[in-house]
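Enquirer: sequence unavailable; structure follows:
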């Protein structure tokens, strides 16, 4: 009898499965919304300023770090929509550990991508706000305050997306722990 139970562990209660499925759906919708909002705010952030008769422009597209940040959030948003569809259609009839394993890999990759984008944008934002005296880079946020505030908002939204993806990664990992890779 012990061998039978070892090979076929008992299924979790249906109520627990519904709670996990509901949490997956809600967290994915929140991750999609925050990644989309972070991308939109970043893509629309621009400001011009006239200093001593010369017009200067600040746009996200002038920095490769900010381009990467916007691209990372857009990719995370798009793939999170795909994972939401995966959860809705494939995990609903009877979620298996293998499905959660694939979701774990997806969530881990998306979390890593958003984390890299956040790190790049945070480093660039720090230099923009405080400058770097050793390298001779002056801060620009005292001249382009509106631009810097929009960029800060975008980075905060992206960190929220990162938190949602982290919780999804932990949730998917805990549900996929019964996967047997090698037989």
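Expert: Yes, it's here. Not measured: the values here are computed from a predicted model.

Enquirer: now tell me what touches stretch 160-171 from outside.
Expert: 20, 23-24, 27-28, 30-31, 34-35, 38, 73, 76, 80, 103-104, 107-108, 110-111, 114-115, 118 (Cβ atoms under 8 Å, 6 or more residues apart in numbering). (C-beta placed from N, C-alpha, C; glycine too.)

Enquirer: let's see it at 6 Å
Expert: 27, 30, 31, 34, 35, 107, 108, 110, 111, 114, 115, 118 (Cβ atoms under 6 Å, 6 or more residues apart in numbering).

Enquirer: those residues in helices, which ones?
Expert: 27, 30, 31, 34, 35, 107, 108, 110, 111, 114, 115, 118 (DSSP state H).

Enquirer: ok, and the closest non-adjacent residue to the third one?
Expert: Nearest non-adjacent residue to residue 31, counting by Cβ to Cβ, 6 or more residues apart in numbering: residue 164, 4.1 Å away.

Enquirer: how about the helix or strand containing the one you found: buried residues?
Expert: Assigned by DSSP states H and E, residue 164 belongs to helix 145-175. Residues of helix 145-175 classed as buried: 147-148, 150-152, 154-155, 157-169, 171-173, 175 (neighbour count, 16 or more other Cβ atoms under 10 Å).

Enquirer: avg pLDDT for that helix?
Expert: On average, the pLDDT along helix 145-175 is 89.

Enquirer: so how far is it from its chain's centroid?
Expert: 5 Å (Cα atoms, centre = their mean, to the nearest Å).

Enquirer: next: stretch 55-70.
Expert: 20 Å.

Enquirer: closest one of the contacts of stretch 160-171 to residue 54?
Expert: residue 118 (33.2 Å; Cβ to Cβ).

Enquirer: what about that closest one, neighbour count?
Expert: 20 (other Cβ atoms under 10 Å).

Enquirer: check the one 10 residues further on too.
Expert: Residue crowding around residue 128 was assessed by other Cβ under 10 Å; the count is 22.

Enquirer: SS state for it?
Expert: helix (DSSP: H, G, I helix; E, B strand; the rest coil).
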